[in-house]
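**Student:** Mind looking at a prediction? Sequence and model below.
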Amino acid sequence: MKASACHPSEIVTEIFQTFLAKGHRSYGEDVTELQHALQSATFAQQAGEPPEVIVASLLHDYGHLLHDLGEDVADRGIDARHERVGANQLERWFGPEVVEPIRMHADSKRYLCWKEPAYFGDLSAASRQSLALQGGPMEAPEALEFEKKPQFQRAIRVRRFDDLGKEPDMKTPTLEDFRPLVEALVRIPAAA
Ligand SMILES: [Fe+2]
């Protein structure tokens, strides 16, 4: 991120440029990272979610684009901790309603495997593979603590849109179509 990026439009342009430069990477389920992001956001929008959930759905895998460990990182048994990488970058410009569901989206999957026995069976092969690397399903003590987190409800909803965004032929709006929503949620850090 350039030090000069200080207007919401500049910040969003740089985020979008990362998607345009690296979004062709495979998400691992017959969709690219960019398709997966757009589909997740579109499902959130179609569900009537508020802007912060739509934007979190759009940006939830931003961290996948920030590492250069390769598209087959999970196949090699490595957890890139992409949810933290993305959230740590994005928390400079977005509030917790956007950032925390992103930070929590891998743990939300672990939580739902505990909460809903059928959830695991519906996961894609790639999601099951990464689940194992991320620590496997939660157990009750961790799950009950997870439910207390302030952004828990939003995080679970973002997770469900993430799980839906794996359709090879789905038509979606473009990244630019989401720009007004994203820009409206950018918080400019106070000058030092
Ligand atoms: Fe995802």
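**Tutor:** Received the coordinates, thanks.

**Student:** got the contact list for the most centrally placed residue in the chain?
**Tutor:** Among the residues of the chain, the one closest to the centroid is residue 60, at 1.3 Å (Cα atoms, centre = their mean). Going by Cβ atoms under 8 Å, 6 or more residues apart in numbering, residue 60 touches 37, 40, 83, 86, 101-102, 105, 158, 162. (C-beta placed from N, C-alpha, C; glycine too.)

**Student:** which one of those sits closest to the ion?
**Tutor:** Nearest to the ion out of the contacts of residue 60 is residue 162 (Cβ to the ion; 4.0 Å).

**Student:** so what's the closest one up against?
**Tutor:** Shown in contact with residue 162 (Cβ under 8 Å, 6+ apart): 40, 57, 60-61, 105.

**Student:** hmm, try it at 7 Å
**Tutor:** Contact partners of residue 162, counting by Cβ atoms under 7 Å, 6 or more residues apart in numbering, are 40, 57, 60, 105.

**Student:** Kindly provide the distance from residue 185 to residue 30.
**Tutor:** In this structure, residue 185 and residue 30 are 30 Å apart, going by Cβ to Cβ, to the nearest Å.

**Student:** swap that for residue 106, sorry
**Tutor:** Counting by Cβ to Cβ - residue 106 and residue 30 are separated by 21 Å.
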